[in-house]
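Fold the following for me, if possible:
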Amino acid sequence: MKLSELARAGRSPALPLQLQLEDGAGPATLTLQTLLRVLPGQRYVGVAQWRGRTVLAKLLVGSKAARHFQRERDGAKLLAEQGLNTPQLLADGLQEGEGGWLLFDYLDGSQSLAQAWRELGAGESLTAPREELLGGALAMVAQLHSRGLWQADLHLDNLLQHNGQLYLIDGGGVFAQTPGQPLSLDKVLANLGVLFAQLPPMPEAELEQLLVHYLLANSEHALQLELLLKEVAKVRRWRLRDYLKKIGRDCSLFSAKVGAFGLRVVRRESEPELQPLLAAPDAYMQQGHQFKGGGAATVARVELNGQPLLVKRYNIKDLAHWFKRFWRPSRAWHSWREANRLELLGIATPKPLAVLERRWCWLRGRAYLITEYLPGQDIIARFAPYLASPPPETELLALDKLFAALLRERISHGDFKGHNLLWQTVGDCGRWALIDLDAMRQHRHDSSFKRAYARDRTRFLRNWPVDSALHQLLDQRLPQVPSTCPERG
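Coordinates of the predicted model:
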């Protein structure tokens, strides 16, 4: 196969795949064995065999191949020239009208820091293993900055650990200010903002604690926490906008089919397993356990390959109801969008897996949302034994964190009854997960958020009698937004 033919191979070309390439030593066959990342018609990254050795192959095709090839090669050379740990570039080439290719030393048995982070499990506190992992990442980033370079797409997937050492990868995102000279303060803050924006929000004290690891490796600048936090917030806003654009289109994260007679968006990683359920959601719901039936919505727990999932069907009750719903986004779509929003912001909610809309000439009808099933008690059941005494402090602290996150992100739930807040045990601690996101909203303006937060807070407290000790404790403990709650004397 030629590179130009690979450009037309789609997302899943048949493997193994052989390509005829030529370097300074003459022509040779590259045998691509596995694919690690695919951007159809543009980029194929995978493990391959080349001249008797295992390599990591980056194959760049399409109209932008020459530009992407130049950027990848320049970045890889910058890293190597500045003495930073990075896989060796073994061979490369650019064929006009065909595409470009770069072959790197394959670090067999390596693991990205993103994978290592996930293996540490869910949780928000900066434990010793988490600090060690992030400290190592920051020390490597500090070395990068001390040599005048930065990684535009800086995240934990671009740092590999192999045989006790860290390696920087993805030269396509590496740029230089003045090679060999320390990076300027504004670029340091901007680049660290990119890294921290992709980590769970953390208290300022923990952020300062982590910055020590950076400063021990690069003390060129005094880093002001306030300026860094502004950069982090700016990048988070951009990432959220960018991510929410992807949740309805075909991309590496989602498989999307949108047309006049239906909408189907599913997480690409889950698509193969979900196929039977996507094809017949009503049949699975009839066989499953229904929590709510009839009316505007039907909710059921279903089993798929031994895995429990939750399916929520948004019904059309009658013709009048259809006239109210057909012209606007379905409640399933709204919940899909808000669940993805919460997930990116690090606020617990069942993982959204797929959304379906039945359509006729673009007019919307019945719709479905498929998520993970989260077992656990809601807060009413969880706090039932504590009407006259304080609940466990760990659960109150988790509630504090949830409300702090909602305030930070200016998010209102819209139906904050206790049944929509589930307790999830995570390791040695736990967290509260939000469900039923039909009315959730992230507000642009403080004024609308204050009013919505006041309603949420009032509705939440109504879960318990006003004269109970629990109600009074929560009323004292829950954060207030100015002008939303009466001042206490």
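
The helix or strand that contains Arg241: which residues count as buried?
For Arg241, the element it lies in under DSSP states H and E is helix 225-246. Neighbour-count burial for helix 225-246, with 16 or more other C-beta atoms under 10 Å as criterion, is recorded at Leu228, Glu231, Val232, Val235, Arg236, Leu240. The C-beta positions use only the backbone N, C-alpha and C, and glycine is treated the same way.

quick check: domain ranges of the chain?
3-105, 111-238, 254-372, 379-477 (automatic domain parsing).

first to last residue in the shortest one, what's the distance?
In this case it means domain 379-477. Taking C-alpha to C-alpha, to the nearest Å, domain 379-477 runs 16 Å from one end to the other.

For Leu244, find the nearest of the domains of the chain.
Closest approach to Leu244 among the domains of the chain (C-beta to C-beta): domain 254-372, 6.5 Å.

how much distance is there from the closest one to the middle of the chain?
20 Å (C-alpha atoms, centre = their mean, to the nearest Å).

Ignoring the adjacent residues along the chain, who's closest to Ile169?
Asn158 (5.5 Å; C-beta to C-beta, 6 or more residues apart in numbering).

Hmm, I typed the wrong one, I wanted Leu473.
Pro390 (6.0 Å).

Secondary structure of the one you found: a strand, I assume?
No. The assignment for Pro390 by DSSP: H, G, I helix; E, B strand; the rest coil gives coil, which leaves it out of any strand.

next one: phi and psi at it?
Pro390 adopts backbone torsions of phi -70, psi 140, taken as degrees, to the nearest 10.

any idea how far Arg477 is from it?
Going from Pro390 to Arg477 by C-beta to C-beta, to the nearest Å gives 10 Å.

Now for the two: what residues contact both?
Taking C-beta atoms under 8 Å, 6 or more residues apart in numbering as the contact rule, the neighbours common to Pro390 and Arg477 are Leu396.

List the beta-bridge partners for the nearest residue to Ala339 once chain neighbours are set aside.
In this structure, Ala339 finds its nearest non-sequential neighbour in Pro352, 3.9 Å apart by C-beta to C-beta, 6+ apart. As for beta bridges, Pro352 partners with Thr371 under DSSP bridges.

show me what contacts the closest residue in space to Ala80 that isn't next to it in sequence?
Once flanking residues are discounted, Ala80 sits nearest to Thr86: 6.0 Å by C-beta to C-beta, 6+ apart. If a contact means C-beta under 8 Å, 6+ apart, then Thr86 has Ala76, Leu79, Ala80, Tyr167, Leu168, Ile169, Gly171 as its contacts.

related to what we said a few turns ago, by contact count, what packs against the helix holding Arg241?
Secondary-structure packing of helix 225-246 (3 or more C-beta pairs under 8 Å, 6 or more residues apart in numbering; DSSP states H and E): helix 185-197, helix 204-217, helix 331-345.

Let me have these in CSV, adding mean neighbour count and mean pLDDT as columns.
Output for the helices and strands packed on helix 225-246, formatted as CSV (neighbours: other C-beta atoms under 10 Å; pLDDT from 0 to 100):
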stretch, mean neighbour count, mean pLDDT
helix 185-197, 20, 96
helix 204-217, 15, 94
helix 331-345, 21, 94
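
Using CSV, lay out the ones you listed together with distance to Asp108.
CSV is the format used below for the helices and strands packed on helix 225-246 (distance: least, C-beta to C-beta, whole Å):
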stretch, distance to Asp108
helix 185-197, 27
helix 204-217, 28
helix 331-345, 32
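
between those, which gets nearest to Asp378?
Proximity to Asp378 (C-beta to C-beta) singles out helix 331-345 among the helices and strands packed on helix 225-246, at 17.3 Å.

Can you classify the residue nearest to Ala80 as helix, strand or coil?
coil.

For it, give its distance to Gln307.
39 Å.

Could you do Ala367 as well?
Applying C-beta to C-beta to Ala367 and Gln307 gives a distance of 22 Å.

So for these two, which residue has more residues nearby?
Between Ala367 and Gln307, Ala367 has the larger neighbour count (other C-beta atoms under 10 Å), namely 26 against 11.

Check the burial of Leu386 by counting its neighbours.
Small correction: residue 386 is Tyr, not Leu. When neighbours are counted by other C-beta under 10 Å, Tyr386 comes out with 17.

correction: Leu36
By other C-beta under 10 Å, 11 other residues sit near Leu36.

what sits against Glu72?
Here Glu72 is in contact with Lys58, Leu60, Gly100, Leu102, Gly171, Gly172 (C-beta under 8 Å, 6+ apart).

Give me the three-state assignment for Gly248.
Per three-state DSSP, Gly248 ends up coil.

my bad, Leu422
Classified using three-state DSSP, Leu422 is strand.

Tell me who's in contact with it.
Here Leu422 is in contact with Leu374, Gly376, Gln377, Asp378, Ile379, Trp432, Ala433, Ile435 (criterion: C-beta under 8 Å, 6+ apart).

one more time with 6 Å
Applying C-beta atoms under 6 Å, 6 or more residues apart in numbering, we find Leu422 in contact with Leu374, Gly376, Asp378, Ala433.

For the third one, report the pLDDT, please.
Okay, so that is Asp378. For Asp378, the model assigns a pLDDT of 95.

need the helix or strand of this structure with the lowest average pLDDT.
Using mean pLDDT, DSSP states H and E, the weakest-scoring helix or strand in the chain turns out to be helix 319-325, at a mean of 65.

Any idea which residue is closest to the centre of the protein?
The centre of the chain sits closest to Leu344, judged by C-alpha atoms, centre = their mean, with a distance of 4.6 Å.

Not counting sequence-adjacent ones, nearest residue to that residue?
Among residues not flanking Leu344 along the chain, Tyr243 sits closest, at 5.3 Å (C-beta to C-beta, 6+ apart).

Distance check, that neighbour against Gly148.
For Tyr243 relative to Gly148 (C-beta to C-beta), the value is 31 Å.
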